[in-house]
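Trainee: Would you be able to build a 3D model of this:
(chains A, B, C and D)
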There are 2 protein chains.
Amino acid sequence: MQSRRDELVDTALRLFYTRGFNATGIDKILAEAGVAKMTLYKHFRSKEELILAALNRRDEQFRNWLMSEMEKASPNPRERLLAMFDALEEWFNGRAFKGLGFNGCAFINAASEFGDHQHPIHRTAAEHKQRIVDYLEPLCRQAGAEDPVALAEQLALLKEGAIATAQVRGMPAASRTAKAIAATLIPA
Amino acid sequence: MQSRRDELVDTALRLFYTRGFNATGIDKILAEAGVAKMTLYKHFRSKEELILAALNRRDEQFRNWLMSEMEKASPNPRERLLAMFDALEEWFNGRAFKGLGFNGCAFINAASEFGDHQHPIHRTAAEHKQRIVDYLEPLCRQAGAEDPVALAEQLALLKEGAIATAQVRGMPAASRTAKAIAATLIPA
DNA sequence: AGGGAAATAGACAAACCTGTCTGTATATGG
DNA sequence: CCATATACAGACAGGTTTGTCTATTTCCCT
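Mentor: Numbers count the residues shown, from 1 in each chain, chains lettered A, B, ... in the order given. You can find the predicted model right below:
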């Protein structure tokens, strides 16, 4: 059973993700969550804190999803890394998160709306991206990469490129473009 | 000499780019441009039309800059394509557009704030990205690519990945990661 | 069953938003 | 040099925003 706080964070995440952070008012979140305003301000000091909570939820949700997709695809490190791009395509096609169509990366979106790199929201976005790289690196090592750190950065960059391309141009197949490149980079 | 309309569009572009579209109010643009409100609404029917004008200006400005950087780097197609990533690094380090620090890609930002793919602003962003691909393709052909269309898509995806990485993680060196990959894709 | 914590509805303040309107001033071209 | 177009300042309407406050109700635990 979900606490009021959790319902608030879930609804906020959904609305922030689908309609933007600045464009989503507190009142809309409250109405959709069926929660009173004072309840929100008892759990969070401000809208900014709610955004941070929503992004932290998304970080957990997204990385859990991505890792489990990769890990269930194959025990082989190379195949696992390549499976990331198959997972992306599922996401781009709206099949990854129930009730949450693809609207780009929540963290790229957040970093774009809160451009100042010192801003807590921007920093949270940067941390998420770093965690993805940190997850890829040992896999790159296991796959026999000469420079696993560099390869992890390359694969992460391909992932970002696929996301941006899929979102802006409405091109879910960008995942395949990225996968084809990745296949040439990961040792056989 | 610049018309009032041009001053409006320039100021709007600068503020939209550095502080976001929804977060930037009409009044702030008017104050910074030193223009009266009625002048704005004589030239544009709404804020949305001003955003579209600003993005069209940016499309022209950005592609002119990118193409001239590439073309002055080398007459050789392969070198020209690789020079794109050197240009990106200049941009990431804030040296590309006078008085306009790097804040990600204005079109990725726009597509993220106006997520609906049917929205005129989102469409304008998609068109810009397509024009970049259309510029790369003949160069890929001249460089001797087996499948120039596919290579153009790959290079464009690397560009997007570098931009997103540079912005979210504050990592201008992402351009070099992308360039290293590009060098393996373009025939020697 | 009763006491305390938590959630509720709804009003409110103060600031902001976009877009309209009025009346005045400036500048340019014939 | 005057007529016309353009831009000006500033008020205004009507709606939205975040965050605070009060007074009431609901729920849970012992």
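Trainee: Okay, and whichever residue of chain A sits closest to chain B sits in which element?
Mentor: Chain A approaches chain B most closely through A:G161 (2.9 Å), counting by Cβ to the nearest Cβ. C-beta here means a position set from N, CA and C on the backbone, and glycine is covered the same way. Taking DSSP states H and E as the definition, A:G161 sits inside helix A:148-169.
Trainee: what mean pLDDT does that helix have?
Mentor: The average pLDDT for helix A:148-169 rounds to 98.
Trainee: can you tell if the helix or strand that it is followed by touches chain B?
Mentor: The helix or strand immediately downstream of helix A:148-169 is helix A:174-185, counting by DSSP H and E. Yes: residues of helix A:174-185 contacting chain B under Cβ under 8 Å from any Cβ of the partner chain: A:A174, A:T177, A:A178, A:A180, A:I181, A:T184, A:L185.
Trainee: Run through chain A and note the low-pLDDT ranges.
Mentor: Applying pLDDT under 70 to chain A flags residues A:1.
Trainee: where's A:A182 relative to B:I108, distance?
Mentor: 21 Å (Cβ to Cβ, to the nearest Å).
Trainee: More neighbours: which of those two?
Mentor: B:I108 (25 against 21; other Cβ atoms under 10 Å in any protein chain shown).
Trainee: who's in contact with the helix or strand the more buried one falls within?
Mentor: Element membership for B:I108 (DSSP H and E) is helix B:106-113. Helix B:106-113 is touched from outside by A:20, A:22-23, A:104, A:108-109, A:112-113, A:164, A:167-168, B:13, B:16-17, B:20-22, B:51, B:55, B:58-59, B:62, B:103, B:121-122, B:124-126, B:128-129, B:160, B:163-164, with contacts defined as Cβ atoms under 8 Å, 6 or more residues apart in numbering or on different chains.
Trainee: How far does the helix or strand that it is followed by sit from its chain's centre?
Mentor: Remark: after helix B:106-113, the chain's next helix or strand is helix B:120-142, criterion DSSP H and E. With Cα atoms, centre = their mean, to the nearest Å as the basis, helix B:120-142 stands 11 Å off its chain's centre.
Trainee: that older thread, now the helix holding A:G161 and helix B:106-113, what's the angle there?
Mentor: Orientation check (axes from the mean of the first three to the mean of the last three Cα atoms, to 10 degrees): helix A:148-169 against helix B:106-113 gives 70 degrees.
Trainee: List the buried residues in helix A:148-169.
Mentor: A:148, A:151-169 (16 or more other Cβ atoms under 10 Å in any protein chain shown).
Trainee: and that helix, what does it pack onto?
Mentor: Here helix A:148-169 touches helix A:77-92, helix A:106-113, helix A:120-142, helix A:174-185, helix B:106-113, helix B:120-142, helix B:148-169, helix B:174-185, going by 3 or more Cβ pairs under 8 Å, 6 or more residues apart in numbering or on different chains; DSSP states H and E.
Trainee: okay if I get those as a markdown table plus distance to DNA strand C?
Mentor: Listed next are the helices and strands packed on helix A:148-169 as a markdown table, based on distance: least, Cβ to the nearest atom of the strand, whole Å:
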| stretch | distance to DNA strand C |
| --- | --- |
| helix A:77-92 | 31 |
| helix A:106-113 | 15 |
| helix A:120-142 | 19 |
| helix A:174-185 | 32 |
| helix B:106-113 | 12 |
| helix B:120-142 | 13 |
| helix B:148-169 | 24 |
| helix B:174-185 | 32 |
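Trainee: Any chance of CSV for those, columns distance to B:K42?
Mentor: Below are the helices and strands packed on helix A:148-169 laid out as CSV (distance: least, Cβ to Cβ, whole Å):
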stretch, distance to B:K42
helix A:77-92, 42
helix A:106-113, 30
helix A:120-142, 37
helix A:174-185, 41
helix B:106-113, 24
helix B:120-142, 21
helix B:148-169, 35
helix B:174-185, 42
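Trainee: what about these, which gets the closest to B:I29?
Mentor: Nearest of the helices and strands packed on helix A:148-169 to B:I29, taken as Cβ to Cβ: helix B:106-113 at 15.3 Å.
Trainee: Which secondary structure state does A:E49 sit in?
Mentor: helix (DSSP: H, G, I helix; E, B strand; the rest coil).
Trainee: distance of it from B:T124?
Mentor: For A:E49 relative to B:T124 (Cβ to Cβ), the value is 34 Å.
Trainee: So these two - more neighbours on which side?
Mentor: Neighbour tally, A:E49 and B:T124, criterion other Cβ under 10 Å: the higher count belongs to B:T124, 20 against 14.
Trainee: Quick one: residues contacting the residue nearest to that one when sequence neighbours are not counted.
Mentor: In space, and not counting its chain neighbours, B:T124 is closest to B:L55: 5.0 Å by Cβ to Cβ, 6 or more residues apart in numbering or on different chains. Listed by Cβ under 8 Å, 6+ apart, the contact set of B:L55 reads B:L13, B:A106, B:F107, B:A110, B:I121, B:T124, B:A125, B:H128.
Trainee: Reduced to three states, what does A:F97 come out as?
Mentor: Applying three-state DSSP: A:F97 is coil.
Trainee: Please list all residues in contact with it.
Mentor: A:F97 touches A:Q61, A:W65, A:W91, counting by Cβ under 8 Å, 6+ apart.
Trainee: I'm done for today, thanks for sticking with me.
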